[in-house]
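Novice: below: sequence and its predicted model.
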Amino acid sequence: MILNIHIHEELLFERHREVLREMEQRRMLKGLHRQNFILPRHMAARVGMFLIALGIHLKQLELGREPML
């Protein structure tokens, strides 16, 4: 049992700050985790678009047409 109300209030306040710090750390880690997945997806999409454009270009060359770029 805590005898002094001021000490009790300080302990509660410190615990509250500690919980807020933990929540902020979790939010930051969650953001980093998302960023790790965004870049590979973005790069895969860009490579896919490039390969599609290349395929269309090669198909037009194969048919003897002038490529449209």
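Specialist: Yep, that arrived.

Novice: any low-confidence regions in the protein?
Specialist: Along the chain, the model assigns pLDDT under 70 to residues 1-2, 33-37, 65-69.

Novice: all helices of the chain, in order?
Specialist: 5-62 (DSSP state H).

Novice: how much space between Glu10 and Lys59?
Specialist: Counting by CB to CB, to the nearest Å, the gap from Glu10 to Lys59 is 74 Å. For glycine as for every other residue, the C-beta is placed from the backbone atoms N, C-alpha and C.

Novice: Leu32: neighbouring residues, count only.
Specialist: 8 (other CB atoms under 10 Å).

Novice: please read the previous query as pertaining to Ile38.
Specialist: Neighbours of Ile38 (other CB under 10 Å): 9.

Novice: any idea how far Lys59 is from Ala53?
Specialist: Lys59 sits 11 Å away from Ala53, going by CB to CB.

Novice: same thing with Asn4?
Specialist: Asn4 sits 74 Å away from Ala53, going by CB to CB.

Novice: who has more neighbours, those two?
Specialist: The neighbour count for Asn4 versus Ala53, taken as other CB under 10 Å, is higher for Ala53 (12 against 8).

Novice: separation between the more buried one and Ile7?
Specialist: Applying CB to CB to Ala53 and Ile7 gives a distance of 70 Å.

Novice: what does Ile38 give?
Specialist: Ile38 is 47 Å from Ile7, by CB to CB.

Novice: same thing with Arg46?
Specialist: Counting by CB to CB, the gap from Arg46 to Ile7 is 59 Å.

Novice: what does Met23 give?
Specialist: Using CB to CB, Met23 is found at 25 Å from Ile7.

Novice: repeat for Gly48
Specialist: As judged by CB to CB, Gly48 and Ile7 stand 62 Å apart.
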